[in-house]
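Visitor: return atomic coordinates for the entry below.
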Amino acid sequence: MEQKTAVVIYSGGMDSFTVLNRAIADGYRVFALSFHYGQRHSKELEYAANVCENLGINHKVVDIRAINSLLAGSSLTDDIDVPNAAYATENMTSTVVPNRNMILLSLAIGYAVSIDADEVLYGAHSGDHDIYPDCRPEFVEAMNQVSLIANYKPIPVRSPYLYQSKNDILADGLSLGLDYSQTWTCYNGRERACGTCSACRERLQAFASLGTHDPLPYEN
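Guide: Numbers count the residues shown, from 1 in each chain. Below you'll find the predicted structure:
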C-alpha cells in the first residue's frame, strides 16, 4: 500500500503537535507548515522548528506578517491585552484573528497541491467550537468541500480531533509517549509560559484532569 502524504498546519502548540505525531504514527509522510502572522507568541515557531528538526521531517515557516494591516483587532496580533481568565467565550473573543484559519488552510491546500500531497490536517477541537468560528465543524466541512473542487486534484481537509476535547488530545498524545515540554501554548511570548492567560489555564487544566504534570516551565 502506497504511503499517504499529509500537510500538517503546525503552530508549535500542543494540539498541532499531537496531530503531527498522530499522523506520523498512523503511517503518513508528513510535511509540516507553520506561519508567522505577527502573533505575539511567535515563540511557538521556535518550538515547531526544534520538533521538526528532531523528527527529521520537512518543515516550512512562511512569513505572512504583511497581512496584519488587514486583520486588526485581535489581542494575539495587536497592542491589546491577552485575557488572563478562564478559557471561555466571554473571555476569549479578543483572541480571534479575523479569517485566520481560512487564510492558513488556503495556503496549506495550495502547498498540498504543489507537492502532490493527499490531504491537509489541522488541530481544531471541540473546546474551540464556541470561541473560534473557524474551528467549528460546519467551517471544517465547508473548507473541505471547497478544497475538493478548488484544484484539479481534490485535497481533503481534516481536523482529526474536531469532536474531541483538549483532555482527549492530551490523552492520545501521552499514549504515544509524547513529550509536551516540546510545545508552546502561552499567548504571551515571554521567556517562560505565564500560567495565567486563558491558553495556559486550559492547558494546565487538561494536565490536571489527567492527573499528570505539565513539563513546561512556568513563571508562576
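Visitor: C-alpha from now on. contacts and neighbour counts both.
Guide: OK.
Visitor: just give me the longest strand of the protein.
Guide: strand 29-36 (DSSP state E).
Visitor: what mean pLDDT does it have?
Guide: What strand 29-36 shows for mean pLDDT is 97.
Visitor: equivalent analysis for stretch 152-172, please.
Guide: Mean predicted lDDT for stretch 152-172 stands at 97.
Visitor: ditto for stretch 190-205
Guide: 92.
Visitor: could you do stretch 118-128 as well?
Guide: Here the average pLDDT along stretch 118-128 is 89.
Visitor: which stretches of the protein form helices?
Guide: In the chain, the helices defined using DSSP state H lie at 14-25, 43-55, 89-92, 100-114, 137-150, 166-175, 198-209.
Visitor: packed most tightly, which of these would that be?
Guide: helix 14-25 (a mean of 22; mean count of other Cα atoms under 10 Å).
Visitor: which one of the helices of the chain lies closest to G127?
Guide: Among the helices of the chain, the nearest to G127 by Cα to Cα is helix 166-175 (6.7 Å).
Visitor: angle of that closest one against helix 198-209?
Guide: Orientation of helix 166-175 against helix 198-209 (axes from the mean of the first three to the mean of the last three Cα atoms, to 10 degrees) gives an angle of 60 degrees.
Visitor: what's helix 166-175 packed up against?
Guide: Where contact means 3 or more Cα pairs under 8 Å, 6 or more residues apart in numbering; DSSP states H and E, helix 166-175 is packed against helix 14-25, helix 198-209.
Visitor: pull it out as PDB, backbone CA atoms only.
Guide: C-alpha atoms of helix 166-175 as PDB (Å, rounded to 0.1, in the frame of the first residue of the first chain):
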ATOM      1  CA  LYS A 166      -8.300  19.100  25.000                       C
ATOM      2  CA  ASN A 167      -8.200  16.300  27.500                       C
ATOM      3  CA  ASP A 168      -8.800  13.700  24.800                       C
ATOM      4  CA  ILE A 169      -6.000  15.200  22.600                       C
ATOM      5  CA  LEU A 170      -3.500  15.200  25.600                       C
ATOM      6  CA  ALA A 171      -4.500  11.600  26.500                       C
ATOM      7  CA  ASP A 172      -3.900  10.400  22.900                       C
ATOM      8  CA  GLY A 173      -0.500  12.200  22.900                       C
ATOM      9  CA  LEU A 174       0.500  10.700  26.200                       C
ATOM     10  CA  SER A 175      -0.500   7.300  24.800                       C
END
